[in-house]
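Participant: what follows is a predicted protein model with its sequence.
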Amino acid sequence: MSVELAVIIPGLIALMLLVALGGRFLEAHGAIDGAARDAARAASLARYPGLGQLGATSLAEQAAASDLSNWCTGTNFGVTVSGFPGLGQPAQTGDNVTVTVTCSIDTSPFGIFNLGTRTRMTGVAVAPLDPLMCRGTAC
């Protein structure tokens, strides 16, 4: 019986770690997708592209950072905004803004699986632009 336990226990521990790793990936993916959704919504309400107080990139970064504060920080986090009309250009019906959020989550507790200390995950979301909203610095 001791020999059986000595053989089975490491396998059971590895199985429990694998289930925990899968749960961590699933939860992180949900958080990153949610952050991308919130960032796309924030970017769709921006007045102009790029950085600045009401810029699409700044608003998207703020929204995503607040959602992912427990998952990734600093250089392990990035937001890309595309599809926003240029400065002074009105949005047309059917225009969308796309936000991509990348985050490296900590996988160091699962070193037995040789994943490295961080694993990069990406979330993408699309939000429609209101063609009747005033955009630009004069609004």
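Facilitator: In hand now; what should we look at?
Participant: look up how far Thr117 lies from the most centrally placed residue in the chain.
Facilitator: The residue lying closest to the centre of the chain (C-alpha atoms, centre = their mean) is Ile32, at 3.2 Å. Going from Ile32 to Thr117 by C-beta to C-beta, to the nearest Å gives 18 Å. C-beta here means a position set from N, CA and C on the backbone, and glycine is covered the same way.
Participant: just the buried residues of stretch 83-98, please?
Facilitator: Neighbour-count burial for stretch 83-98 flags Gly83, Phe84, Pro85, Ala91, Asp95, Val97, Thr98 (criterion: 16 or more other C-beta atoms under 10 Å).
Participant: same question, stretch 48-63
Facilitator: Neighbour-count burial for stretch 48-63 [16+ other C-beta under 10 Å]: Tyr48, Pro49, Gly55, Ala56, Thr57, Ser58, Leu59, Ala60, Glu61, Ala63.
Participant: can I get the residues you listed in TSV with secondary structure?
Facilitator: Formatted as TSV, the buried residues of stretch 48-63 follow (DSSP: H, G, I helix; E, B strand; the rest coil):
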residue	secondary structure
Tyr48	strand
Pro49	coil
Gly55	strand
Ala56	helix
Thr57	helix
Ser58	helix
Leu59	helix
Ala60	helix
Glu61	helix
Ala63	helix
